[in-house]
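S.K.: Just to be clear, the model below is a prediction. Sequence and coordinates:
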Amino acid sequence: MTVRVPAKVNLQLSVGPLRDDGYHDLVNVFHAVSLADEVTAVPSERLQVSVEAAPRSRVDVAGVPSGRGNLAARAALLVAARLGVEPQAALRIRKAIPVAGGMAGGSADAAAALVACARLWDDREDPLLGRAELLELAAELGSDVPFALVGGTAVGLGRGERLTPALTRGTFHWVFALAEGGLSTPAVYDECDRLRAARGERPRSPKVSQELMTALATGDAKGLGGALTNDLQPAALLLKPALRRTLAAGRDLGALGALVSGSGPTCAFLAESDEHAAELEAGLDAAGAAAALVRAHGPVPGATII
């Protein structure tokens, strides 16, 4: 059973106050793109996880945990517990999504494992785990996991797990600049809090950008580029200053919009068309602005059995 699952880029990531549970209130506009991992589940005597880079990708999987330390393994254990079965599956993860790159690769793999294991172990005629139940399990695993199940474009509230589909017309074309090494999401949030405290800022509850919603609904790439926002970007730039040069290079080359994706360090550039994306990729490559570059389009579906 093989499931393909997309990466995400955050079109709007607005970070509100720190909550009592240690999370922040968020407005998180997710957009699924055609850069994808694949997770294959096969029957096995015990739960196993192996990880490899997808062919022709330049993803470094050396730091990705195998075995039960992987979020996909936790997903399999949740499915097994809910169905009352033994977690007897071998999970093979083939990664094209950057590791610790701000594109929710680990969350994507967990979502794919939920779908694959549910199909492997659940009753095909009378399944216990439908869409609603899988979304519930996804929310237990992490804030980004539910969106990886759903895909498309969606507004996430709360920790990002409360999703509402966003009306989106047409296709948007992207270039992603991958950096050497990753960034820890908790470290970026901590740096964001530190910066705000140093400036004496008291963040308010975030709101969805109507400018962004209008651009998505009308398929206005130029308007979308102007509306991209990420409250974590200043923190990511402080922790990895080389990203400033990457963003500046993309803007100089005519990107409609440029921002750090999520907690980084991947930088996302919005192009006018697929042809423009190819030109942008070539220009960034010639400028030596990134460790690797990849083009993708969105929105695309969430976790899908192939």
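M.R.: Great, that's in hand. Keep in mind that this is a model prediction, so the values were computed, not measured. Numbering: from 1, shown residues only.

S.K.: When you work out contacts or count neighbours from here on, use the C-alpha atoms and nothing else.
M.R.: OK.

S.K.: isn't G158 right next to L26, touching?
M.R.: Yes - proximity of G158 to L26 meets the contact threshold set by CA atoms under 8 Å, at 5.6 Å.

S.K.: Looking at these two now, which is surrounded by more residues?
M.R.: Counted by other CA atoms under 10 Å, G158 and L26 do not tie: L26 has more neighbours, with 24 against 15.

S.K.: sec struct for the more buried one, please.
M.R.: At L26, secondary structure determined by DSSP: H, G, I helix; E, B strand; the rest coil is strand.

S.K.: Could you report the distance from the residue nearest to it when sequence neighbours are not counted to T40?
M.R.: Once flanking residues are discounted, L26 sits nearest to V15: 4.9 Å by CA to CA, 6 or more residues apart in numbering. According to CA to CA, to the nearest Å, V15 and T40 sit 35 Å apart.

S.K.: Compare these two (neighbour count), which wins?
M.R.: Counted by other CA under 10 Å, V15 and T40 do not tie: V15 has more neighbours, with 24 against 21.

S.K.: Could I get the buried residue list for the helix or strand containing the more buried one?
M.R.: In this assignment (DSSP states H and E), V15 forms part of strand 2-18. For strand 2-18, burial by neighbour count (16 or more other CA atoms under 10 Å) applies to 2-17.

S.K.: now swap in stretch 54-64 and tell me
M.R.: By neighbour count with 16+ other CA under 10 Å, stretch 54-64 contains the buried residues A54, R58, V59, D60, V61.

S.K.: how long is stretch 211-229 end to end?
M.R.: 11 Å.

S.K.: Repeat that for stretch 162-182.
M.R.: 27 Å.

S.K.: Check stretch 210-227 too.
M.R.: Stretch 210-227 has an end-to-end distance of 9 Å (CA to CA).

S.K.: okay, and for the protein, where does confidence drop off?
M.R.: Nowhere does the chain drop to pLDDT under 70.

S.K.: And the helices in the stretch 151-300 of the chain?
M.R.: Taking DSSP state H, counting those that start in this stretch, the helices of the stretch 151-300 of the chain run over residues 185-198, 210-218, 221-227, 233-239, 242-252, 274-286.

S.K.: nearest to A166, of these?
M.R.: A166 lies closest to helix 210-218 among these, at 7.4 Å (CA to CA).
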